[in-house]
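> What shape does this take:
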Amino acid sequence: MLTVKLTILMCLFFIIVSCMPVYAAIYYVAIEGKDSNLGTKIRPWQTIQKAADTLVAGDTVYIKGGTYLPNTSITAKNSGESGKDITYSAYLEDTVIIDGQNVSLPNWYGLFKVVNKEYVRIMGLKIINSKFAGIFVGNSKNIIIKGNYTSDTSSSGIGVWNSKNIIVDGNKIQRACWPTDGKQECLSVNGSHNVEIRNNHVYNGGDIGGEGIDVKNGSSNVKVYSNHVHNVYSAGIYIDAFKFHTHDIDVFRNVVHNCTGKGIVAASEQGGLLENVNIFNNVVYNNKSNGIIIGWALKPNNPLERISVFNNTCYRNGGYGIYIGATAAKDIVIRNNICSQNMKAQIRTYRSVPLYQVIIENNLINGPGSFMGDKSVSGDPKFIAPDNGDFHLQHNSPAIDNGTAISAPSDDFDGNVRPYAGAYDIGAYELGI
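Residues are numbered from 1 along each chain as shown. Predicted coordinates:
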């Protein structure tokens, strides 16, 4: 009888233990630590790689302030699980600098590398002096890169390759592709799917460096929004099919200005089909070349289909406000945009673009000669303070109530509902109260 009772008690014990929650571990890294320590707050590790070798699903490492000088790239060893991310984070408000001056990297590496992993978060780190990328994500899923800073990287500050379900949020990327190497782009998304590129500040790229933000080469279901891109070489935001079918890309609420080349470009450099691209509610100004381009003049016969450019504000760019340079383009829509004071023309098509494939209507045109399109409005758009980058409308702007509801976004650059107290306004901003 005693044996039976003991057996029952043991079974109950194991049932209770198996039902108890397993708490994730929290570890710490500090400059003064030792990798032989336990990784606790009192006895931290010294290297981030020690943490990367140790963390398992649900674990977090907090990295305390200081400059870390690794001898090799920091490589995530393990994956997390759904609801149990592995997290690498700066401790509180500490400034954590990972300096790659002593690290030699081959191509397709990053100073912080996540390859063939899932459910990993990298947050609040400063990554500098990388011989290739700052943060590199390859063949991975469910990765979040948030609130980091990269500088002086010879390739991308952040690169995402052949990955899925990725969020790149609130990072600062400067001096990428630095100083003149031009390897890839400041923020690169290649062959990846279900990606959000949001709230990033990309600026001061290399002299012969790549574009600011590039979504390319077979990527799909990508949203690029609420980013600030300026003073980069070539285009600020570049959507390029390159060799592979690239589709379902939304580019909205971005500010792109003072780039050496163009503002926003949708193109196919090597013949891949680019389709279902929506470019809307963006402010594009003071770029040295054109504001928004559909197609690449050097390869005008490469395929683009269902490209829509609507409710953007293009101001004082050095070339055209909006330019269509793809002779093979189909179902192109240019609608509800303000094109004002762009140097060459406001809207222009390449000489052999078939106009039956293009709809141009309800745009506000102000400046040197253009193809006006249908139902256009002319006149000074009356921005609040364009010299200070404020392109909100004054109450007497001819852009007010002169847009069309067809394909118009449901809100504006600021997130205000369209339309407000009347018809739709032209440009990136809806006039509110």
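
> Would you map the strands across the stretch 1-150 of the chain?
Using DSSP state E, counting those that start in this stretch, the strands of the stretch 1-150 of the chain run over 26-29, 60-63, 66-68, 74-75, 86-90, 96-99, 110-115, 118-123, 126-130, 133-138, 141-146, 149-153.

> can you confirm residue 387 is in a helix?
Yes: when DSSP: H, G, I helix; E, B strand; the rest coil is applied, residue 387 is found to be in a helix.

> Can you give me the distance of it to residue 287?
16 Å (Cβ to Cβ, to the nearest Å). From N, CA and C alone the C-beta is placed, and that goes for glycine too.

> more crowded one of those two?
Neighbour count, other Cβ atoms under 10 Å: between residue 387 and residue 287, residue 287 has more, with 29 against 8.

> dump the residue contacts of that one.
By Cβ atoms under 8 Å, 6 or more residues apart in numbering, the contact list for residue 287 reads 236, 256, 257, 258, 259, 261, 262, 263, 317, 318.

> Report how many residues lie close to the fourth one.
The local packing of residue 258 (other Cβ under 10 Å) involves 15 other residues.

> Residue 289 versus that one, what's the distance?
Computed as Cβ to Cβ, the residue 258 to residue 289 distance reads 12 Å.

> Report how many residues lie close to the residue nearest to residue 88 when sequence neighbours are not counted.
Nearest non-adjacent residue to residue 88, counting by Cβ to Cβ, 6 or more residues apart in numbering: residue 122, 5.1 Å away. Using other Cβ under 10 Å, residue 122 has 24 neighbouring residues.

> tell me the contacts of residue 122?
Applying Cβ under 8 Å, 6+ apart to residue 122 gives the contacts 88, 112, 114, 135, 143, 144, 145, 146, 148.

> can you rerun that using 7 Å?
For residue 122, the contacting residues are 88, 112, 135, 145, 148, by Cβ atoms under 7 Å, 6 or more residues apart in numbering.

> Return the distance of the first one relative to residue 179.
According to Cβ to Cβ, residue 88 and residue 179 sit 28 Å apart.

> neighbour-wise, which of the two wins?
Neighbours were counted for residue 88 and for residue 179 using other Cβ under 10 Å; residue 88 has more, 27 against 13.

> you'd agree the more buried one is up against residue 61?
Yes: Residue 88 is in contact with residue 61 according to Cβ atoms under 7 Å; the separation is 5.7 Å.

> Quickly find the element holding the closest residue in space to residue 275 that isn't next to it in sequence.
Leaving aside its chain neighbours, residue 275 sits nearest to residue 305 (4.2 Å; criterion: Cβ to Cβ, 6+ apart). Using DSSP states H and E, residue 305 sits in strand 304-310.

> Enumerate the sheet neighbours of that strand, specifying parallel or antiparallel for every one.
The pairing partners recorded for strand 304-310 under DSSP bridges are strand 274-280 (parallel), strand 330-335 (parallel).
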